[in-house]
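> compute the structure for the input listed below.
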Amino acid sequence: MRAKTFTESGRRAQIVEAAIEVIAEVGYAKASFTRIAKHAGLSSTGMISYHFAGKDDLLAVCVAEIERVTGAFMQPRIDAAEGHVAQLRAYVEANVALVGEHPAAVRALIDIVKNRAARSAAVDGRLALFEEHFRAGQAAGVFRPFDARTAAIALTTGLDAVVVTAATDPPGPAELARIGRELADLYVRATAPEAEGGTR
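As a prediction, the model looks like this:
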């Protein structure tokens, strides 16, 4: 029984991995069960239908797996940062670095979300997350006064634009690190309190 469960679990994971890679390569619209089955080395699409109720079910599992992978990469870096400013920097830099570590996962998630093929709780929740982070940082005196909602929108859209551009043709790790630092510097300077004399 355990061997059978492990085999089925392994095959399911194999299908999900293949689906993510196919979506990353050809896009959600062209990611047919036939393409996915071929990429996974399956003899027919029936094995996909055996494990998943349909494409929507498969996509939901793909998104959950991508969120697991991206969270495992980014969260330790964010948790290791102390303070609101350091955590803001860590999030931005980790998100950009993610493109180099998991390019297929990033490209697949971008396409799935763009086509509204499946919801991503992590993507959907970012505005509230950043708005709360900015408000808490303002209360602590480490961010200047500004509209937290507007800043959260600017952060997520700007970060998304950089990530989407980088994911199209990922540069090397050193260049991604430089881009991440530049973008983080931009947001840190924009949110920093004014120094005495009205300058920052």
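> who's in contact with residue 29?
Contacts of residue 29 were listed using CB atoms under 8 Å, 6 or more residues apart in numbering, and they are residue 115. Backbone N, C-alpha and C define where each C-beta goes, glycine included.
> for the helix or strand bottoming out on mean pLDDT in the chain, packing partners?
Using mean pLDDT, DSSP states H and E, helix 2-26 stands out as the lowest-scoring helix or strand of the chain, at a mean of 82. On a contact count with 3 or more CB pairs under 8 Å, 6 or more residues apart in numbering; DSSP states H and E, helix 2-26 meets helix 33-40, helix 46-51, helix 55-80, helix 103-114.
> could you point out which of these sits nearest residue 130?
helix 55-80 (12.2 Å; CB to CB).
> just say which of the helices and strands packed on helix 2-26 is most tucked in.
helix 103-114 (a mean of 21; mean count of other CB atoms under 10 Å).
> what's next to that one, contact-wise?
20-21, 23-25, 27-28, 59, 62-63, 66, 69-70, 98-99, 117-118, 120, 123, 163-164, 167-168, 170.
> and stretch 190-200, average pLDDT?
Average pLDDT, stretch 190-200: 71.
> ditto for stretch 161-171
pLDDT averaged over stretch 161-171 gives 92.
> what's in contact with that stretch?
95, 96, 98, 99, 100, 103, 106, 107, 110, 176, 179, 183.
> want to try TSV for the residues you listed, with pLDDT and distance to residue 131 as columns?
Formatted as TSV, the contacts of stretch 161-171 follow (pLDDT from 0 to 100; distance: CB to CB, whole Å):
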residue	pLDDT	distance to residue 131
95	96	17
96	96	21
98	96	22
99	95	25
100	94	28
103	94	29
106	95	24
107	95	27
110	93	22
176	95	27
179	96	25
183	96	19
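> report the two of the residues you listed separated the most.
107 and 183 (19.0 Å).
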